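Undergrad: No letters, just coordinates:
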């Protein structure tokens, strides 16, 4: 079964807890492929939807999103030559 299809199905049905678990699985797969922005986007959208529905966001999802967010910000900071800020984002 395709996790992306299952994720969309859970979101459409309003089964947000299962959608969040599936989003974490998809995010890990995307990270393994080196698609950090895609992984970040999936977790961010899921986090946003859970917040809009006033549902609890799992600690695992929030932690993974925080790590990916920091990593996604490092690349542009490094390209701009702001290596100190980039290093701080990795701590």
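TA: Looks like it arrived, so ask away. What you see is a predicted model; the values in this text were computed from it and never measured.
Undergrad: Could you count how many residues lie near residue 74?
TA: 18 (other C-beta atoms under 10 Å). In short, each C-beta sits where N, CA and C put it, glycine included.
Undergrad: That one: what's it in contact with?
TA: Residue 74 sits next to 86, 89, 90 when contact means C-beta atoms under 8 Å, 6 or more residues apart in numbering.
Undergrad: What pLDDT is listed against the last one?
TA: pLDDT, residue 90: 84.
Undergrad: could we number from 461 for the rest of this?
TA: Okay, residue one is now 461; in that scheme the one you just asked about reads as residue 550.
Undergrad: could you pull out the strands for this structure?
TA: Secondary structure of the chain (DSSP state E): no strands located.
Undergrad: now residue 493: how far from residue 486?
TA: The spacing between residue 493 and residue 486, counted by C-beta to C-beta, to the nearest Å, is 11 Å.
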